[in-house]
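# Sequence first, then the predicted structure, then my questions.
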Amino acid sequence: EDQVTQSPEALRLQEGESSSLNCSYTVSGLRGLFWYRQDPGKGPEFLFTLYSAGEEKEKERLKATLTKKESFLHITAPKPEDSATYLCAVQAPTSGTYKYIFGTGTRLKVLA
Amino acid sequence: GAVVSQHPSRVICKSGTSVKIECRSLDFQATTMFWYRQFPKQSLMLMATSNEGSKATYEQGVEKDKFLINHASLTLSTLTVTSAHPEDSSFYICSANGASYEQYFGPGTRLTVT
């Protein structure tokens, strides 16, 4: 069964304290792995797409990497404004179409 | 680019009434849109996949007669919650496919049924 697991569930960091969020997946026929940021009461905001193992993408303080079994979202020197829930999703074929399978997210809190 | 809007952002309705939520892709055409539901501190749950000009595909356990989806054009999909009940209160989010398989999400609609 296709599955996406994110860890940790919640993470508190001091400003400037770098860390990584994990997204482990089991899926047949991965077409892409996606990272999103979601603020409370808002829709998810697209961050990155990764397609194949070894691929890396960067945007400001965020860097996403992908292996055959998991993806990491590295946050370097985070700031309070990076506080949000980070969601990982994989896109896999299901019943003749492609759908997202979401993880449960990591709630990140960065303290000033 | 790749902006998706939803309307309304918040709606309060009485039990037994119907509510329509609109999802629009503002600067691109979307042949496929998706409707999700999200409970507090939980992830997104896919309700249905909406294809322009055809019937929506509903996920297992989602009542198609209760959650009516129409995708009449390449930029508009609507979700109508019929005969709403308090347990339908939730955060509803739509998304549309971008050019490289990514989905772009709307800002969400908070539905409260009293």
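Structure received. Numbering: from 1, shown residues only, chains lettered A, B, ... in the order given.
# got a list of what the residue of chain A found nearest chain B touches?
Proximity of chain A to chain B (C-beta to the nearest C-beta) peaks at residue A:43, 3.8 Å away. Backbone N, C-alpha and C define where each C-beta goes, glycine included. Neighbouring residues of residue A:43 by C-beta atoms under 8 Å, 6 or more residues apart in numbering or on different chains: B:4, B:6, B:93, B:95, B:105-108.
# Wait, a strand at it?
No. Residue A:43 sits outside any strand when classified using DSSP: H, G, I helix; E, B strand; the rest coil, being coil.
# sorry, back to before: most neighbours out of the contacts of residue A:43, which is it?
Of all the contacts of residue A:43, the most densely surrounded is residue B:106 (29 neighbours; neighbours counted as other C-beta atoms under 10 Å in any protein chain shown).
# Against residue A:75, how distant is the residue nearest to that one when sequence neighbours are not counted?
In space, and not counting its chain neighbours, residue B:106 is closest to residue B:6: 3.7 Å by C-beta to C-beta, 6 or more residues apart in numbering or on different chains. From residue B:6 across to residue A:75, the span is 29 Å (C-beta to C-beta, to the nearest Å).
# Ok, residue A:88 next?
14 Å.
# higher neighbour count, the two?
residue A:88 (30 against 21).
# Now do the SS call for the more buried one.
Assignment for residue A:88 (three-state DSSP): strand.
# Not counting sequence-adjacent ones, nearest residue to it?
Using C-beta to C-beta, 6+ apart, the nearest residue to residue A:88 is residue A:23, at 3.4 Å.
# Flag every residue of chain B that's near chain A.
B:2, B:4, B:6, B:34, B:41-44, B:46, B:49, B:57, B:91, B:93, B:95, B:98, B:100-108, B:110 (C-beta under 8 Å from any C-beta of the partner chain).
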